[in-house]
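Q: the sequence and its predicted three-dimensional model are supplied below.
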Amino acid sequence: MIGAIAGDIIGSVYEYHPIKTEAFPLFGEGSSFTDDTVLTAATADALLQGAGFGESYQSWGLRYPERSYGSVFRQWVQSGDLAPYGSWGNGAAMRSGPVGFSAKSLDQALMVAKRSAEATHDHPEGILGAQAVAGSVYLARSGASKDEVRAFLVSRVGYDLGKSLAEIRPRYRFDATARGSVPQALTAFLESTGYEDAVRKAVSLGGDSDTLACIAGAVAEAFYGGVPEAIWNRALGCLTCELGAVVVRFYERFQLPHCWGETRAPLPAPPTRTTTAPSPRNRPRRRDLSPVAAGWS
Ligand SMILES: [Mg+2]
């Protein structure tokens, strides 16, 4: 979940100032969380509370009104009317990472992703975008290879992943439709060598950068077994107390590994801990670690 949030914060600077390079500072003075983070937290909160997705999106949207929402979503939040509005944008995809982290099966991930999307994005493309991300997160955290994630996206979701990032990047522009951004963000993950690399690649497409990095970051966290500690700490430090509290509760409830990397603060090591960087096929599962987030719980 923090993988999605950190991606959003890292990409926030470049949403309206696109870049075509992977060489950029991860965090700067302008880095801040946007609608992607608020609504990812809203999804997690709904899952934690067993509450309705629509109610959660409206409640969190009202609490954080100035976070770059789409105009139709903003009107929906303010209306108090829970009827969906048929969007085929990437808004349902960007907030669906927690669904994949909490699901007990691929079918459950797809079913819950559909329900979360349908609160607003009840167009088939909006739903597919959410299912693509939640399904990829579920598969990635369940030990699937990148080839298996790719096969799911191509054969079950129906995405065309035939182009590499190098082929997509030169002509790519801001595109907030699900079909025009979710496959591209997932391609960034599929070509990545680690969490940070996935986020850098997503931003380097020069599009809806915060959302591309949010989506790539969610799946990368699941695949690589966490987020590097420095990024975890920096991202958490950008959040409000109540957003941070949702993050911590989510990691505790679903027993997710809280960070990845050899430089993390001393913590009890699980029996299976390796001393070398994990390969995709040798990823440690640090399910016995609690999030280090003093002051947030
Ligand atoms: Mg955003």
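A: Happy to help now that I have it. Numbers count the residues shown, from 1 in each chain.
Q: of all residues in the stretch 151-297 of the chain, which one is closest to the ion?
A: Asp210 (4.2 Å; Cβ to the ion). Using the backbone N, CA and C atoms, a C-beta is placed for each residue, glycine as well.
Q: look up how far Val203 lies from the residue lying closest to that residue once chain neighbours are set aside.
A: Closest residue to Asp210 apart from its sequence neighbours, by Cβ to Cβ, 6 or more residues apart in numbering: Gly11 at 3.7 Å. According to Cβ to Cβ, to the nearest Å, Gly11 and Val203 sit 5 Å apart.
Q: repeat that for Met1.
A: Separation of Met1 from Val203 (Cβ to Cβ): 19 Å.
Q: and Ala176, by the same measure?
A: From Ala176 over to Val203 the distance is 15 Å, taken as Cβ to Cβ.
Q: so for the two, which residue has more residues nearby?
A: Each of Ala176 and Val203 has its neighbours counted (other Cβ atoms under 10 Å); Val203 has more, 29 against 16.
Q: which helices and strands sit right next to the lengthiest helix in the chain?
A: Longest helix in the chain by number of residues (criterion: DSSP state H): helix 124-141. With contacts taken as 3 or more Cβ pairs under 8 Å, 6 or more residues apart in numbering; DSSP states H and E, helix 124-141 sits against helix 91-94, helix 97-102, helix 106-118, helix 146-151, helix 182-190, helix 209-224.
Q: that helix: which residues count as buried?
A: Across helix 124-141, burial judged by 16 or more other Cβ atoms under 10 Å covers 125-141.
Q: can you name the helix or strand that the closest residue to the ion within the stretch 51-200 of the chain falls in?
A: Residue nearest to the ion within the stretch 51-200 of the chain: Ser68 (4.7 Å; Cβ to the ion). When secondary structure is defined by DSSP states H and E, Ser68 falls outside every helix and strand.
Q: how far away is the closest residue to Gly52 other than its chain neighbours from Lys146?
A: Nearest residue to Gly52, sequence neighbours excluded (Cβ to Cβ, 6+ apart): Ala46, at 6.7 Å. Counting by Cβ to Cβ, the gap between Ala46 and Lys146 amounts to 29 Å.
Q: among the two, which residue is more densely surrounded?
A: It is Ala46, of Ala46 and Lys146, that has more neighbours when counted by other Cβ under 10 Å, with 25 against 17.
Q: say whether the ion is contacted by stretch 41-56.
A: No. Using Cβ under 5 Å from the ion, stretch 41-56 stays clear of the ion, coming no nearer than 13.0 Å.
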